[in-house]
Structure formats: C-alpha cells, structure tokens
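# Here is a sequence together with a model predicted from it:
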Amino acid sequence: MDFDGVYTDPTEEGENCSRFFRNKILSLGLSEFNLDSEAKVDSWLGELRARQAASPFSYGWRSEGRVSAFTFEDPFIRNIGLADFLDHLVEEGNPRAKGILTRLKKTDKIGSFGKLSEWSFLQLKHAKRADPFAKKWVEETIRSGHEIVIVSNSATDKIEEFLEQNKFAPDARPKVRGGARKFGLGKSPRPLIIAKTPENGEIRIDTDRPFYEEALMELKPDAVVGDVFCLDLSLPIRLKREGKLNFKWGIFYRHRDYTPSAMVDLVTGRGTQVPEVTLLREWSQLTPSTTVSNSKPL
Ligand SMILES: [Mg+2]
C-alpha cells in the first residue's frame, strides 16, 4: 500500500503547500513585475495553471530530467508540477519567473522553483489524520491473517508516528517501508503506454523505477493500492506483464476527490490500454473473498 492519499486525504496539506509557495512569492513585493498583491500573484499563478492544463502530461515531478508523475495526479504533485512549469518558463526567459528567482536567490538562497516547492512542503507542520475507512480496512485485513506493508516515499519514522497518533491497534499495524523513492527513475524509460489520444498522442509513463522495483520484488505482494497512477501502479503493471509478479488480488487505483477524471477515463474507461487496473472507490471492493478485478488474462 501507498501511504499519502491512501491512509490520508492530502487535499488540505496540498493547499497549504500552495499557500506557502504563493506567500513566499508575495513576500518579495515585486511591484516591478506587477506581483505585489495577493490578487495579482493569484491571478498570475492561476493563469499559469490554466496554461499547464493544456499540456497535462508535459510537466510534473521529475527524476533524471524526465517526468516521473504528472502534475495533476495528487495535491502535492500539483505544486511540484507548477514549480516544474515555472522552471521551464525561466529557461524560456519569462521575465516574471526570472525576476522572482533572482530575488529568491538573494533573500532565501532558493535557486529554482523546484527548491521553492520543496521548501513549501517542509513548512507543513500539521499532524496527518487517518481516513477512518482505510484504517478500518487495514485493521480488519491484518486481523484476518494478511500481511500489509506500506511502501511510501515518506520517511519511515513519520509514518510510524502517524500510526501511533491515529491509534492503529498494536495487533493490527501494517509494516512500514518508507523512503521508497518510487519517483526515482533509472536510465532507461521502459515506457508503459496508457493511451493513444488525438489530443495528446501516445501517453507513456516511465516504469524504470529501480528503488520501487527492488521493494516489490522482495515483498511479492498479492495486491497493490495507490492513489498516484504513475508512481504507484505503472511499474506493477509492467512486472505483471513480464510475469515477474502476478498480483492475484489485483492492482488498485485509489479514487479520491482530487483524482483527475481524465486519468480515470484513460486507465479504466472504454478502450483502456491497462486492463490490469481496478478503480478502488470503496474499500469494500477489496476483500480477499470478493476481490473485484477487471483484470483480463493477457
Ligand atoms: Mg500517494
């Protein structure tokens, strides 16, 4: 299981990240770039998001210079992806984007928008709250004799602390494998084609994720659950196709309010290129005896 977005709803954390990001830009008081009020900064960032939405698969969380997860996939990657787009604008010579960075380097030694988004993420202080349905499902499943392992990019101690604070019963606590670097790409893309659309052409996702692959091959799970298709599910699909793992319960795409409907359509709609994936709207869909899966034999 993934952690953020599966055990929690990160919407509020993502919004707070956006606010820290916006407020830092606002604090520079850049009147020469017409960015010296909340309304002006918001309107500019809003315009950038709209421009970005026109090419949703071009920006996001990068690794090895390539996009590892698309910008709109979860509330955190939304910020990381906006920063990616801003760094792209700097390279293009956009005066406002360049102006902000020049000032940020002076005032805060922040040298890229990517760094500003990392900084914004680090400002998050609030304790995470467990999704009660996820918690109930996890506890019941462990008590019925199954093993659950959280494989997450977040640090192990943070997740352990979360399990403690949210009172996961000691006899029904998942194991934790944090710092999993699922976003970390290797040298070769090993692309998974998820769609061929007239608007976006062929949409490919890099599945060469050596750190995540090592974890999966060691754990050999019967099921995988994640809310970010690129990070959590693209590699399991490849491993299943290669016959390395069979995921006999299934590969589950956790649906949340922020899950992009375009992505849901692409991966679970008619004509999907990835029939291995099941959309998980309710935890009741995922029980050992009544596992719902639309997986078709290949
Ligand atoms: Mg997640």
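Good, I have the coordinates. Numbering: from 1, shown residues only.

# In the stretch 1-150 of the chain, what residue comes closest to the ion?
For the stretch 1-150 of the chain, the nearest residue to the ion under the criterion Cβ to the ion is Gly5, separated by 3.5 Å. C-beta: built from backbone N, CA, C; applies to glycine.

# That residue: which element?
Assigned by DSSP states H and E, Gly5 belongs to neither a helix nor a strand.

# Repeat that for Ala134.
According to DSSP H and E, Ala134 maps onto helix 132-143.

# Can you show me the CA trace of that helix as PDB?
Written as PDB, here are the backbone C-alpha positions of helix 132-143 (Å, rounded to 0.1, in the frame of the first residue of the first chain):
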ATOM      1  CA  PRO A 132     -11.300   6.100   9.000                       C
ATOM      2  CA  PHE A 133     -12.400   3.700   6.300                       C
ATOM      3  CA  ALA A 134      -8.800   2.900   5.300                       C
ATOM      4  CA  LYS A 135      -7.900   2.400   8.900                       C
ATOM      5  CA  LYS A 136     -10.800   0.000   9.500                       C
ATOM      6  CA  TRP A 137     -10.000  -2.000   6.400                       C
ATOM      7  CA  VAL A 138      -6.300  -2.300   7.300                       C
ATOM      8  CA  GLU A 139      -7.000  -3.400  10.800                       C
ATOM      9  CA  GLU A 140      -9.600  -6.000   9.700                       C
ATOM     10  CA  THR A 141      -7.400  -7.300   7.000                       C
ATOM     11  CA  ILE A 142      -4.400  -7.800   9.200                       C
ATOM     12  CA  ARG A 143      -6.600  -9.400  11.900                       C
END
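
# Moving C-terminal from that helix, which element do we reach first?
Once helix 132-143 ends, the next helix or strand along the chain (criterion: DSSP H and E) is strand 149-151.

# does any part of that next one sit near the ion?
No - counting by Cβ under 5 Å from the ion, the ion has no neighbours in strand 149-151; the shortest distance is 10.4 Å.

# Can you tell me what sits against that strand?
By Cβ atoms under 8 Å, 6 or more residues apart in numbering, the residues outside strand 149-151 that reach it are 1-3, 7, 159, 174-178, 180, 182, 212, 215-216, 219, 221.

# Sheet partners, orientation included, of that strand?
Taking DSSP bridges as the criterion, strand 149-151 forms sheet pairs with strand 175-177 (parallel).

# which helices and strands does the helix or strand following the partner strand pack with?
With elements assigned by DSSP H and E, the helix or strand that comes after strand 175-177 is strand 191-197. In terms of contact count using 3 or more Cβ pairs under 8 Å, 6 or more residues apart in numbering; DSSP states H and E, strand 191-197 is assigned the packing partners strand 201-206, helix 234-241, helix 261-268.
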